[in-house]
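**Q** let me see the structure of the following:
(one chain, ligands or ions: 1)
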Amino acid sequence: MKRARGFKEITPLDAPNPVREFQGSSQSKKPSLLQPKEKILDEKNVEMGGQLKTDEVFPPIAIPPLKTSHHPSVPCSPVESDEMVDLNPFPYLYKSTYDFKFDTIKEKVLDDIKRSKNIVEQTGIQTPEKEGAYTTVILVGAEVNGQRWTPPHTWTELSNFVDNWLPQKVKKLWNDWGLSPYAVPFISESWINEHSYGSFTEGHHHQNSQISLSCYLNVPEDSGRLMIKDPMEIYNHSRPLNFDHTLSGKSWRYIGVDTNDVIFFPGFLEHQTERSQSNDKRYIMSININYVDYGAFAAMNNNILKPLWHPEQFG
Ligand SMILES: [Fe+2]
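**A** Residues are numbered from 1 along each chain as shown. The predicted model follows:
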């Protein structure tokens, strides 16, 4: 199995240790990457609660896996004649739908937008929301009427979405992207954006968010598409692009969205909104999903992992 250079996995004390199990006992010889026919695992060492099986161990680079039946095929629709289709075998952008019933939360949404507007007018604080757009992200961690602000993902009206619908979708992405089960996801932030005629959200990313969601609560016609910047753009600097490629905005793709659409994307992806051309207001709920490294958490709690400093000692 290939590991990133410098890879070191910490496993909770009471959980099976895939690294230790993979290598067998401390006396056993480590598998040699130079000997593809060598039996590198025995069955008793690979049946560890379904974490690592013989089928899933890949031989050295450039040799096909022993068995690939457990790997699903990339969806591939039939091609007509000499047509070409985009197979996209490593997708990072997903879409689903959920009936948010915007009317049931509209009052709360408008209350929070009003609070945010007041803060912007009083403080001049800058956000990516421009020319009449507003965001409640500035309320994250704030106090409202003496109480901690309640972000939209904690509203009871959205409990089915957060507690039942969302975990299933996140689990699919966790699997598709090969993320560790010891990286335990949680919602780190959520907020609402409002766009009125002529306004937009400028380019930005959601740093430190493994999965970000744009939940389209209310999308009037012509209120603007989602724009995604090519994450490979840095590599394009060494490609023979047309001279106007970047200047004419060709690093961006436009995704049409409708009410109740949910778009999932990795937080590193730069994105923005198109300028709204609608007299009706558009409302989006954004959600960030971060993770806790369960192995590191357990090891630190057991004094196995020694932090170099505690947060209060920094600086
Ligand atoms: Fe965003």
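
**Q** burial measure for Thr127, as a count.
**A** The number of residues packed around Thr127, counting by other Cβ atoms under 10 Å, is 17. Every C-beta, even on glycine, is put in place using the N, C-alpha and C of the backbone.

**Q** wait, doesn't it sit right on Val137?
**A** Yes: under the criterion of Cβ atoms under 8 Å, Thr127 lies in contact with Val137, with a separation of 6.7 Å.

**Q** now Gln272. Its backbone dihedrals?
**A** Main-chain torsions, Gln272, degrees, to the nearest 10: phi -160, psi -180.

**Q** list the contacts for the closest residue to it other than its chain neighbours?
**A** Across the structure, with Cβ to Cβ, 6 or more residues apart in numbering as the measure, the residue nearest Gln272 apart from its sequence neighbours is Gly203 (4.3 Å). Residues counted as contacts of Gly203 (Cβ atoms under 8 Å, 6 or more residues apart in numbering) are Pro128, Met227, Lys229, Glu270, His271, Gln272.

**Q** what do you get for Ile187?
**A** Contacts here follow Cβ under 8 Å, 6+ apart; on that basis Ile187 touches His153, Val162, Ile287, Asn288, Ile289.

**Q** quick one: which of the residues you listed has the most company?
**A** Taking other Cβ under 10 Å as the neighbour criterion, Ile287 ranks highest of those with 26 neighbours.

**Q** what is the three-state secondary structure of that one?
**A** Following DSSP: H, G, I helix; E, B strand; the rest coil, Ile287 is assigned to strand.

**Q** the residue most central in space within the chain bridge partners, please.
**A** In the chain, the centroid-proximal residue (Cα atoms, centre = their mean) is Ile211; its distance is 1.4 Å. Beta bridges link Ile211 to Ile289 when assigned by DSSP bridges.

**Q** just checking, it touches Phe264?
**A** Yes: the criterion here is Cβ under 8 Å, and Ile211 meets it with Phe264 at 5.9 Å.

**Q** intersection of neighbour lists for the two?
**A** Contact with both Ile211 and Phe264 is made by residues Leu173, according to Cβ under 8 Å, 6+ apart.

**Q** in a helix, that's where Glu189 is, yeah?
**A** No: assigned with three-state DSSP, Glu189 falls outside any helix and is strand.

**Q** what sits against the residue lying closest to it once chain neighbours are set aside?
**A** Of all residues beyond its chain neighbours, the one nearest Glu189 is Asn288 (4.5 Å), with distances taken as Cβ to Cβ, 6+ apart. Residues counted as contacts of Asn288 (Cβ under 8 Å, 6+ apart) are Ile187, Ser188, Glu189, Ser190, His206, Asn208, Ser209, Ile211, Ser212, Leu213, Gly267.
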